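Colleague: Using only what follows, build the 3D model:
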Amino acid sequence: MQSSESSELDLDLKRLWLILKRRWLPAAAVFSCVVAGATMLASIQEPEYEAKGKLLFKKPQTSSVTGLGEQLGELDSLVSKSNLLNTEIEIIRSVPFIQKTITALGLKTESGNPLKPQSLANNITLKTIPATDVLQLSYASTNPEEAAAVVNKIMSLYIESNVTNNRAEAVAAGDFIAKQLPRTELTVRQAEVALRQFKEQNQVVALDQEANAAVDTIKQLESQINETQAVLADANARSAMLQKQVGMNSREAIDTSSLSQAEGVQKALAELQQVEAELATQQTRFVDTHPTIQALRDRKVALEALLKGRIEQSLGSQTPVSNRNLQIGQIKQTLTQDFVKSEVERQGLANRLASLSKAHSAYRQRVNVLPRLEQQQRELQRRLDVAQATYTTLLQRLQEVRVAENQNMGNARIIEFAVVPEKASTREKIIILALGNLAGILLAIATIFILEVSDTSIKTLKEARDLFGYTLLGTIPYFGKKVSYRRKNQELSIPELPVVNIPRSPISEAYRMLQANLKFLSSDKALKVIVVTSSVPKEGKSTVSANMAAAMAQLGRKVLLVDADMRHPLQHHIWELTNAAGLSDVIVGQAEFESTVKEAMPKLDVLSAGVIPPNPMALLDSKRMASLIDYFAEHYDFVIIDAPPLVIAADAVTLGKMTDGILLVTRPGVIDSTSAAAAKESLDRCGQNVLGLVVNGVIPENEPDSYFYYAKAYTSEEDFTTGERVMSKTGNYGS
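Modeller: Here you go, the predicted model:
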């Protein structure tokens, strides 16, 4: 991972170095112009004198002595990250403060007009001494006396303003407190009244004690309720048993007990019973209509009415009572009385239990209300406490402020007055030169950036490979238009056919490597006919075709080189042949192939372009051309067709469909990214079989990671030595 990152860093540094090599001249020119301008500007500056003074910031000493008004006059900040001395710097730089200085010293411009505050502020420098509370103030002017006077006046005015502001702050604070005291006192009274009304309305004396007492009372009531419930349960059981024995309910038992003790009721009952007995006896003797029977019956009715009246009188109600319950035995009467007593006791216990439960519920409700009452009381008490504390504090602060109003101490003092400077300051010139150098560097970088952005040409082998994306089959180096080589102690220039003239040079080896890569490109079917083309003119596709054909012929393969560029043919110039008749003549039938083709070297035949036709595309896109290509493939081991560039004409893509594929030649420094993209799009759109890419004219200095340096070192100096060469970018090695 570290190796990969290091490799990427090296590549970026190399790329940056290449950019600097290409653009150093305009960048250096821009830098020199800017630095020269800054130097001239610094040289014409008038000498300036700088005076310095120092202020010390501290807490007011009088406050620390008297202990009153300690918060007045102290430096403080609203923002936690702000610098308090920076705040004082802004005060000194403010326009009103600067205007006071100008007015006090009568500062004027050269024309006699009053100096503007901004002009004075621009020449004032304020900075803090690190790790201290000291502020240094300096002023630069062409007049040394004026510089010292300005600094001293500014410091004096600041000290006066500081004392005045502190006193004004104390007066303002006192007035404010005096206005707030009546309001605060009214707030205290309102809080006291609210607390008193709350206690009266809720019958509150001491909520804490009341809560404790209520809890104890609830516990006692719960204990009594439990005991009463137990006794009531026993009374209920006893009453139920007695009721079962006497056979009547509690009301009947009470009534029976009352009637058994009433003499009038018992006497009337005895007479009634006697009449009923006599009536029963007489009915055995007489018929029902007999006067005796009728008299007894009337007497019985009268006695019954009398008994009923006495019962109602005794009971106080018209409750019907059975005659059998009016006269009971002694035992049953005793049981009835016991039952009545038990019912009375049970009812008393029930009433007591209800009373205890009611009291318990009342205490429970009070206890549930107590937390809310406590909260309200605490809130009211808290308001009262706050109001009282505020009132007390305001009274105390008012006394302190009244004392602080008479204090004349500030929080700053002058520790060093400015003296008249004797030597002129060079700081402004240094700043101008530093800014000039910085601006020069920035503008130089901007120049390099603008030139690089505006230049869309492909500059390196890597850029060409990344842009096209095809297989790289060959890399042809470029050593300049005039590169000397030695042969038999003679210095000659490299011709356009280095494979023939200097076969042991690195360039020749590059062409041999190209033909070897083509030979082993396809394992299924050997290549026979290929089209060599480029994106734009001047990329060297004709030179690459000629040298590649020569390299194949040197290996003993029978090769045919066809110049199909009928717009700008070059093969007859490279091989120094005539172009009286050629491919165009063979296609139209005005010449025979055998009489037109020329032997350029052993095993290599060259068919020139011939007469340039008005419409080359019509000739190349014909059945005659297709049949000729088949003929060439039968009689030669390899056929190379030199076709026009892709952006000029569609000849190359037309021929590509008739052959085994297209070999694309490109050259850094000649082709731009737009043309390359257009050429690649044309090939992809037509579905061409692109065999690969040949990068021509690669400058070894721009490819530090290439193998050309090793190739030159490996080659014998007697066969190839580089001499002084002209690295002209317009020089075209091949076309």
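Colleague: Now do the SS call for the residue of the chain most remote from its centre.
Modeller: What lies farthest from the middle of the chain is residue 285; by CA atoms, centre = their mean that is 127.5 Å. Secondary structure for residue 285, judged by DSSP: H, G, I helix; E, B strand; the rest coil, is coil.
Colleague: Residue 272 versus that one, what's the distance?
Modeller: 21 Å (CB to CB, to the nearest Å). (C-beta placed from N, C-alpha, C; glycine too.)
Colleague: now the lengthiest helix in the chain: mean pLDDT?
Modeller: Secondary structure of the chain read by DSSP state H shows that its longest helix is helix 330-404. Averaged over helix 330-404, pLDDT sits at 76.
Colleague: In whichever helix or strand comes after that helix, which residues are buried?
Modeller: Moving toward the C-terminus from helix 330-404, the next helix or strand (DSSP states H and E) is strand 412-416. By neighbour count on 16 or more other CB atoms under 10 Å, the buried set for strand 412-416 is 412, 414.
Colleague: Go ahead and measure how far strand 412-416 is from the middle of the chain.
Modeller: 48 Å (CA atoms, centre = their mean, to the nearest Å).
Colleague: ok, and what's touching that strand?
Modeller: Strand 412-416 has contacts (CB atoms under 8 Å, 6 or more residues apart in numbering) with 52-58, 88, 134, 155-156, 158-159, 162.
Colleague: Can you show me the strands along the stretch 401-550 of the chain?
Modeller: Using DSSP state E, counting those that start in this stretch, the strands found in the stretch 401-550 of the chain span residues 412-416, 472-477, 484-487, 490-493, 529-534.
Colleague: With respect to residue 356, which of the contacts of strand 412-416 is nearest?
Modeller: Set against residue 356, the nearest of these by CB to CB is residue 58 (77.5 Å).
Colleague: The residue lying closest to that closest one once chain neighbours are set aside: neighbour count?
Modeller: Excluding its sequence neighbours, the residue lying closest to residue 58 (CB to CB, 6 or more residues apart in numbering) is residue 411, at 6.0 Å. Neighbour count for residue 411, taken as other CB atoms under 10 Å: 21.
Colleague: thought residue 411 was touching residue 162?
Modeller: Yes: counting by CB atoms under 8 Å, residue 411 does reach residue 162; the two are 6.4 Å apart.
Colleague: next one: phi and psi at residue 135?
Modeller: When read as degrees, to the nearest 10, the backbone of residue 135 gives phi -110, psi 120.
Colleague: Quick one: residues contacting it.
Modeller: Neighbour list for residue 135: 54, 55, 56, 57, 85, 88, 89, 126, 127, 128, 129 [criterion: CB under 8 Å, 6+ apart].
Colleague: Dump those to CSV, plus neighbour count.
Modeller: CSV is the format used below for the contacts of residue 135 (neighbours: other CB atoms under 10 Å):
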residue, neighbour count
54, 18
55, 23
56, 15
57, 18
85, 18
88, 20
89, 17
126, 19
127, 12
128, 17
129, 12
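Colleague: out of those, which one sits closest to residue 448?
Modeller: Checking those against residue 448 with CB to CB, the nearest one is residue 127 at 36.6 Å.
Colleague: how about the closest one, what does it touch?
Modeller: Taking CB under 8 Å, 6+ apart, we find residue 127 in contact with 135, 136.
Colleague: Can you tell me the SS state at it?
Modeller: strand.
Colleague: can you tell me the helix or strand for residue 590?
Modeller: According to DSSP H and E, residue 590 maps onto no helix or strand at all.
Colleague: Spell out which residues sit in contact with it, please.
Modeller: With CB under 8 Å, 6+ apart, residue 590 has these contacts: residue 581.
Colleague: Output the contacting helices and strands for the longest helix of the chain.
Modeller: helix 144-201, helix 207-246, helix 250-260 (3 or more CB pairs under 8 Å, 6 or more residues apart in numbering; DSSP states H and E).
Colleague: Could you single out the most deeply buried of those helices?
Modeller: helix 250-260 (a mean of 19; mean count of other CB atoms under 10 Å).
Colleague: Residue 563 is in contact with residue 612, correct?
Modeller: No: Residue 612 lies out of contact with residue 563 (CB under 8 Å); the separation is 11.1 Å.
Colleague: mind checking how far the nearest residue to residue 470 once chain neighbours are set aside is from residue 469?
Modeller: Spatial nearest neighbour of residue 470, excluding adjacent residues (CB to CB, 6+ apart): residue 693 at 4.2 Å. Going from residue 693 to residue 469 by CB to CB gives 9 Å.
Colleague: where does the stretch 401-550 of the chain dip in pLDDT?
Modeller: Residue ranges of the stretch 401-550 of the chain with pLDDT under 70: 404-410, 424-427, 451-457, 479-495, 522-523.
Colleague: where along it do the helices fall?
Modeller: 427-454, 461-468, 498-501, 506-519, 541-554 (DSSP state H, counting those that start in this stretch).
Colleague: Just grab the bridge partners of the residue nearest to residue 470 for me.
Modeller: When assigned by DSSP bridges, residue 693 has beta-bridge partners residue 472, residue 664.
Colleague: Among the contacts of residue 135, which one sits closest to residue 422?
Modeller: Of the contacts of residue 135, the one sitting nearest to residue 422 (CB to CB) turns out to be residue 54, at 19.0 Å.
Colleague: Let me see the domain layout of the protein.
Modeller: Following automatic domain parsing, one finds the domains of the chain at 1-45+432-455, 211-377, 461-475+520-695.
Colleague: So what's the gap between the longest one and the chain middle?
Modeller: Yep, that's domain 461-475+520-695 we're talking about. Using CA atoms, centre = their mean, the offset of domain 461-475+520-695 from its chain centre is 58 Å.
Colleague: Quick check: which ranges of the stretch 601-735 of the chain have low pLDDT?
Modeller: In the predicted model, the stretch 601-735 of the chain carries pLDDT under 70 at residues 701-735.
Colleague: where do the strands sit along it?
Modeller: Listed in chain order, the strands of the stretch 601-735 of the chain (DSSP E, counting those that start in this stretch) span 604-607, 638-642, 662-666, 690-698.
Colleague: Run the chain-centre distance for the longest one.
Modeller: Going by CA atoms, centre = their mean, the spacing between the C-alpha centre of strand 690-698 and its chain's C-alpha centre is 47 Å.
Colleague: Now the phi/psi pair for residue 667, please.
Modeller: phi -140, psi 120.
Colleague: what residues are up against it?
Modeller: 534, 538, 539, 540, 695, 696, 697 are the contacts of residue 667 under CB under 8 Å, 6+ apart.
Colleague: with the residues you listed in mind, which one is nearest to residue 112?
Modeller: residue 538 (70.5 Å).
Colleague: Please tell me how far that closest one sits from residue 153.
Modeller: Distance of residue 538 to residue 153, computed by CB to CB: 75 Å.
Colleague: do the same with residue 345
Modeller: Distance of residue 345 to residue 153, given as CB to CB: 110 Å.
Colleague: Which neighbours do residue 612 and residue 563 have in common?
Modeller: Common contact partners of residue 612 and residue 563 (CB under 8 Å, 6+ apart): residue 569.
Colleague: With neighbour numbers in mind, choose between those two.
Modeller: Set side by side, residue 612 and residue 563 show more neighbours around residue 563, with 29 against 14, by other CB under 10 Å.
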